[in-house]
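[1] model this:
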Amino acid sequence: MLMLEIIVRPEKADEVMEELLLAGFPSISKMDILGRGKQKGIQVGTNHYNQISKKMLMMVIHEDDKEEVIDIVKRTARTGEHGSFGDGKVFVLPVLEAYTISTGKKEL
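    Purely as a prediction, here's the structure:
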């Protein structure tokens, strides 16, 4: 099993979640985050914004589904034809164990 931590623009989060749902990946968590990437924030006129609002989507998937899910995210979260700085990142992490709290059942 793998955990994907997906950081996207706020206006793209619901669209990404909808496409994942339609593709058969309904289980996902969404949270508001602040951060910056390689561009070190954003300059608007004389104001420099050190941290930019983003959404983080977290999901646990089977390893066999990794390429399909990442392709959906890249296609849906990208802005414009070729993408733009700040469109986001996908981090892939191993999941060693998972438990359902209500039953105590080990999932992996």
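
[2] Correct me if wrong: residue 66 contacts residue 93.
    No. In this structure, residue 66 is not within contact of residue 93 by C-beta atoms under 8 Å, at 11.4 Å. In this view, the C-beta of every residue, glycine as well, is placed from N, C-alpha and C.

[3] what do those two both touch?
    2, 4 (C-beta atoms under 8 Å, 6 or more residues apart in numbering).

[4] Can you report how many residues lie near residue 9?
    Neighbour count for residue 9, taken as other C-beta atoms under 10 Å: 19.

[5] Could you report the pLDDT at it?
    In this prediction, residue 9 carries a pLDDT score of 95.

[6] what does residue 40 give?
    pLDDT for residue 40: 76.

[7] Same question for residue 71.
    In this model, residue 71 is scored at 98, pLDDT.

[8] quick one: secondary structure of it?
    Three-state call for residue 71 (DSSP: H, G, I helix; E, B strand; the rest coil): helix.

[9] How much space separates it from residue 49?
    According to C-beta to C-beta, to the nearest Å, residue 71 and residue 49 sit 31 Å apart.

[10] Please name the nearest non-neighbouring residue to residue 32.
    Closest residue to residue 32 apart from its sequence neighbours, by C-beta to C-beta, 6 or more residues apart in numbering: residue 55 at 6.5 Å.

[11] could you say which helix or strand contains the one you found?
    Counting by DSSP states H and E, the element that carries residue 55 is strand 52-61.

[12] mind listing what that strand pairs with, with the direction of each?
    strand 2-8 (antiparallel), strand 29-35 (antiparallel) (DSSP bridges).

[13] Out of the ones you listed, which is the most enclosed?
    A comparison of these by mean neighbour count, using mean count of other C-beta atoms under 10 Å, puts strand 2-8 on top with a mean of 19.

[14] mind checking how far that one is from the chain centre?
    4 Å (C-alpha atoms, centre = their mean, to the nearest Å).

[15] Show me what that strand is in contact with.
    Strand 2-8 has contacts (C-beta under 8 Å, 6+ apart) with 16, 33, 35, 54-63, 66, 69-70, 73, 77, 87-95.

[16] Show me what the residue nearest to residue 32 is bridged to.
    Taking DSSP bridges as the rule, residue 55 bridges to residue 8, residue 32.
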